[in-house]
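S.K.: pasting a predicted model and its sequence here:
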Amino acid sequence: MQLDNIQIVIWTVIITLYGIMIGSFLNVVIYRVPKHESIVVSRSHCMNCGKQIKWYDLVPVVSFLILRGKCRYCKTKLSLQYPLVEFTNGLGYAIIVIVKGVNVESILYCLCMSALLALSVIDWRTFEIPFAFNVFIGILGIIRLLTDYRHWYIYILGFVSVSGFLFIIYKATKGRAMGGGDVRLMAAAGLLLGLKNIVLSLVLGCLLASVLHVLYMKLKNKDHMLAFGPYLSMGIFISMIYGNQIIEWYVNTFVN
């Protein structure tokens, strides 16, 4: 879709606000999915006093600021996770739209970004990636394949290449090097991104883990078992946005 500058700004603002609202829902998912609670039936409530939260206290980011990060009823401090997830999801949507434009690919990438954000927080806390997230990303991958069916083989190769490699490591180490959720994540994301970008995602994820996780352990002055999902997710997100540019730069710099 070809848009002028004003239309791009309008669409970016709309999609950013939509992303922030989706981020509010992600907080519900992050809290309830690991506990196997319904994400649609139960109403939002304070985790400390159990009071149901009124609609005007559920406005993403704004309500947190107005309430100064505390429950209206019991004054318990609320986790910074709530505004951070909301803001990060909105920012991610904005970046995708600005870089990729308004099209089907961007919509798929925005939805994938939300899934990556939620599963990253859950994996960081529980060292487990819920299966439903990988199924969701896989469905996005199928849609992407159908919208670019002439190049179907790129997505099929993306589905099996990196995940196949990681599956061998998973089996060889009996799950000590990584979890099965990581393998399934890269299979689903590979179906969405295709061969080149999913390979780049793995490389970026490994680089980020080797740097950021070491820094985290030194800052916290303690050992911390590696949750690989968040770093793989960051690699996937970067590849969604700048994958082609990074690959082109690498080829022009080191290959040609």
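M.R.: Yep, it's here.
S.K.: could I get the average pLDDT for stretch 45-62?
M.R.: In this model, stretch 45-62 has an average pLDDT of 76.
S.K.: got the CA positions of stretch 195-212 in PDB?
M.R.: Below are the C-alpha coordinates for stretch 195-212, written out as PDB (Å, rounded to 0.1, in the frame of the first residue of the first chain):
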ATOM      1  CA  LEU A 195      15.500 -19.700   5.300                       C
ATOM      2  CA  LYS A 196      17.900 -16.800   5.300                       C
ATOM      3  CA  ASN A 197      16.300 -14.800   8.000                       C
ATOM      4  CA  ILE A 198      15.700 -17.700  10.400                       C
ATOM      5  CA  VAL A 199      19.400 -18.600  10.100                       C
ATOM      6  CA  LEU A 200      20.200 -14.900  10.900                       C
ATOM      7  CA  SER A 201      17.800 -15.100  13.800                       C
ATOM      8  CA  LEU A 202      19.700 -17.900  15.300                       C
ATOM      9  CA  VAL A 203      23.100 -16.200  14.900                       C
ATOM     10  CA  LEU A 204      21.800 -13.000  16.400                       C
ATOM     11  CA  GLY A 205      20.100 -14.800  19.200                       C
ATOM     12  CA  CYS A 206      23.400 -16.600  20.100                       C
ATOM     13  CA  LEU A 207      25.300 -13.400  20.000                       C
ATOM     14  CA  LEU A 208      22.900 -11.500  22.100                       C
ATOM     15  CA  ALA A 209      22.800 -14.400  24.700                       C
ATOM     16  CA  SER A 210      26.500 -14.600  24.900                       C
ATOM     17  CA  VAL A 211      26.800 -10.800  25.600                       C
ATOM     18  CA  LEU A 212      23.600  -9.900  27.500                       C
END
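S.K.: in that stretch, what's buried?
M.R.: 195-202, 204-205, 208-209 (16 or more other CB atoms under 10 Å). C-beta coordinates here come from the backbone N, C-alpha and C atoms, glycine included.
S.K.: now stretch 31-42
M.R.: Buried positions in stretch 31-42, judged by neighbour count with 16+ other CB under 10 Å: 31, 33.
S.K.: list of residues touching that stretch?
M.R.: 25, 28-29, 47, 118, 122, 125-126, 128, 130, 132 (CB atoms under 8 Å, 6 or more residues apart in numbering).
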